[in-house]
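Novice: Return a 3D structure for these sequence lines:
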Amino acid sequence: MLRHAAKRITGSGLAPTLWSAPAASRFYHERVVDHYNNPRNVGAFDKNDPTVGTGLVGAPACGDVMKLQIKVDEETGKITDACFKTFGCGSAIASSSVATEWVKGKQMEEVLSIKNTEIAKHLSLPPVKLHCSMLAEDAIKAAVKDYETKRGKAVASTSDKAAEA
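Specialist: Got it, this is the predicted structure:
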């Protein structure tokens, strides 16, 4: 019965999905649809690698979970690569994808200035989806903090070994 109703409404045998081109253009900006359909930098690095910072954040209210990782050149402090895995809505996936593109090639201090409002504006997120861009900003900060924590431990253990010698 539901299939017949969808057929009558759409004039076809298939109900439109949120991400089909005509329907999506009514609800989401084309950049959101593009980053959802063709996400950039999906994947994961070894979290135990000392050059990798991992940020894992979530929004309990909607169930979105975002893991964003950065790989840092230890000599220059520049982020050489970034990747993400996100469980959530299309806006959360698009925000993660944009965030990974924006952090690549930048200094650690620079990426901390990326604000959720910039991501939201770039993707033209509706007010109800602003939490997705907030997650992306939080994930960037958490990844930088994780890297700096690892680096602090690495520096401390090197100092300890030098002191023992």
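Novice: mind listing what the spatially most central residue of the chain touches?
Specialist: Nearest to the mean C-alpha position of the chain, counting by C-alpha atoms, centre = their mean, stands Ser96 at 2.0 Å. Applying C-beta atoms under 8 Å, 6 or more residues apart in numbering to Ser96 gives the contacts Pro39, Met66, Leu68, Phe84, Thr86, Leu135, Ala136, Ala139. C-betas here are computed from N, CA, C, even on glycine.
Novice: Of those, which belong to strands?
Specialist: Met66, Leu68, Phe84, Thr86 (DSSP state E).
Novice: Out of those, flag the one nearest to Ala143.
Specialist: Leu68 (5.3 Å; C-beta to C-beta).
Novice: which residues sit in contact with the residue nearest to Ser95 when sequence neighbours are not counted?
Specialist: Excluding its sequence neighbours, the residue lying closest to Ser95 (C-beta to C-beta, 6 or more residues apart in numbering) is Ala136, at 4.0 Å. Taking C-beta under 8 Å, 6+ apart, we find Ala136 in contact with Met66, Leu68, Ser95, Ser96, Val98, Ala99, Asn116, Ile119.
Novice: Could you export these to TSV, including columns for pLDDT and secondary structure?
Specialist: Listed next are the contacts of Ala136 as TSV, based on pLDDT from 0 to 100; DSSP: H, G, I helix; E, B strand; the rest coil:
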residue	pLDDT	secondary structure
Met66	96	strand
Leu68	97	strand
Ser95	95	helix
Ser96	96	helix
Val98	96	helix
Ala99	97	helix
Asn116	95	helix
Ile119	95	helix
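Novice: With distance to Val32 as extra columns, can I get those in CSV?
Specialist: As requested, the contacts of Ala136 are exported to CSV (distance: C-beta to C-beta, whole Å):
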residue, distance to Val32
Met66, 15
Leu68, 18
Ser95, 9
Ser96, 12
Val98, 9
Ala99, 13
Asn116, 15
Ile119, 11
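Novice: Most neighbours among these, please name it.
Specialist: Counting neighbours by other C-beta atoms under 10 Å, Ser95 leads the contacts of Ala136 with 35 neighbours.
Novice: list the contacts for it?
Specialist: Met66, Ile119, Ala120, Leu123, Leu125, Cys132, Ser133, Leu135, Ala136.
Novice: shouldn't the second one be in contact with Thr100?
Specialist: What that stands for is Ile119. No: contact criterion C-beta atoms under 8 Å: Ile119 and Thr100 do not qualify, at 11.3 Å.
Novice: Which neighbours do the two have in common?
Specialist: Joint contacts of Ile119 and Thr100 (C-beta under 8 Å, 6+ apart) do not exist.
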